[in-house]
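# Need coordinates for the below:
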Amino acid sequence: MIEWHRLLGLGLTDYFTDSGYEVKMEIDLSIKKQRLDILIVERELVKQLSELPDGLENMARYNLISYKSFRQVTDAWSLDELNGHYVNYRKQISPSWDKLLPVEDFRLYAVCTRHPEKLETEAPLKFVKQGVYDIQWGGKQIRLIVLSEVPKVKRNALWLLFSGIMENVQFGAAQYEWRQPELSTVMNDLFKFYRIEGLAMPYTVEDYKREHRQELWEEFISGELFESWEMEELLKKLPLEKLLKGLPPEVLLKRLRREDVEAYLKKLSTTN
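Sure, this is the predicted structure:
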């Protein structure tokens, strides 16, 4: 199963790094598992972001986000769920049920990849700007952000990564600047999942590095330098495990001493 919600949550976690907001994911709001996709909570005053992605300009103290990927539908039921999450969460974090936190402390967002055509027949969407709409649902106004419609500009780079449009995804990948480098692997996972869903994606940097390493290795083991090295010299430069994985057994066994093979077999038997 493709974890689109987790990937968007990780992207938003990175975007709001060192900002006035903290991102939480899959918040359990009841005894029976009912998880809110993403929660962004305002923190104590720290460095503020100069520009937010389209649709998030009106953020409040607590921001509840429901997300539907490009094979999911944002409909009346998904908005009912989001309203339900809001009611539960507001009760949980308020001092008491008789003293609830102010309504103004909460914002609700429905983020979706494609335009919710069915929902548009069920309630009017108020146009805010390209790709951004407001919809009155029950007692709350919900901000609807359609990722395949937002403008292709740098401030929307994170949104564009989830847009489902190849040229927009490529633009987002080139423009988005990761705050936490360890989360940049999200982009590689995104490209992989897009391929699974049938959307043609270009090679990632990791694809190139992996294939380039393999090409260099194949050139090395078939070249004169490899043939000229004594096995002891090879073992000093490359672990035996690496040689075993990269070389045909007959090529390697010709050059290994019997004691080296026995030592390796003994090591395997002690670790298994």
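# and Trp159, how far is that from Pro151?
When distances are taken as CB to CB, to the nearest Å, Trp159 and Pro151 turn out to be 10 Å apart. Glycine gets a C-beta too; all of them are placed from N, C-alpha and C.
# any common contacting residues for these two?
Counting by CB atoms under 8 Å, 6 or more residues apart in numbering, the common neighbours of Trp159 and Pro151 are Asp54.
# Among the two, which residue is more densely surrounded?
For Trp159 versus Pro151, neighbours defined as other CB atoms under 10 Å are more numerous around Trp159 (30 against 14).
# same question for the helix or strand containing the more buried one, mean pLDDT?
Under DSSP states H and E, the secondary-structure element containing Trp159 is helix 157-161. Taken as a whole, helix 157-161 carries a mean pLDDT of 94.
# My guess is Gln130 contacts Val146. True?
No: under the criterion of CB atoms under 8 Å, Gln130 makes no contact with Val146, lying 9.1 Å away.
# quick one: which of these two has more around it?
Neighbours were tallied for Gln130 and for Val146 using other CB under 10 Å; the higher tally belongs to Val146 (23 against 11).
# Return the residues in contact with that one.
The neighbours of Val146, taking CB under 8 Å, 6+ apart as the test, are Cys112, Thr113, Arg114, His115, Pro116, Gly131, Val132, Tyr133.
# Which members of the residues you listed are classed as buried?
Buried subset of the contacts of Val146 (neighbour count, 16 or more other CB atoms under 10 Å): Cys112, Thr113, Arg114, His115, Pro116, Gly131, Val132, Tyr133.
# quick one: the second one from Tyr67, how far?
Thr113 sits at a distance of 9 Å from Tyr67 (criterion: CB to CB).
# before we move on, what about the first one?
Using CB to CB, we find Cys112 at a distance of 7 Å from Tyr67.
# residues contacting the residue lying closest to Ile165 once chain neighbours are set aside?
When the adjacent residues along the chain are set aside, Ile165 lies closest to Ser148, with 5.8 Å between them (CB to CB, 6 or more residues apart in numbering). Applying CB under 8 Å, 6+ apart, we find Ser148 in contact with Phe70, Thr113, Arg114, His115, Gly131, Ser163, Gly164, Ile165, Asn168.
# so where is the stretch 151-272 of the chain shaky, pLDDT-wise?
Along the stretch 151-272 of the chain, the parts satisfying pLDDT under 70 run over 196-256, 264, 268, 271-272.
# Determine the three-state secondary structure at Asn58.
With DSSP: H, G, I helix; E, B strand; the rest coil as the basis, Asn58 sits in coil.
# wait, isn't it in contact with Phe106?
No: with contact defined as CB under 8 Å, Asn58 does not reach Phe106; the gap is 11.5 Å.
# More neighbours: those two, which one.
Phe106 (18 against 14).
# For the nearest residue to the more buried one once chain neighbours are set aside, grab the count of nearby residues.
For Phe106, the nearest residue in space outside its immediate sequence neighbours is Tyr62; the separation is 5.0 Å by CB to CB, 6+ apart. Tyr62 has 19 neighbours, counted by other CB under 10 Å.
# list the contacts for Tyr62?
The neighbours of Tyr62, taking CB under 8 Å, 6+ apart as the test, are Leu39, Ile40, Val41, Glu42, Tyr89, Ile93, Leu101, Asp105, Phe106, Arg107.
# What of Ala173?
With contacts defined as CB under 8 Å, 6+ apart, the neighbours of Ala173 are Leu161, Met187.
# That one: what secondary structure?
Reducing the assignment to helix, strand or coil with three-state DSSP, the entry for Ala173 is helix.
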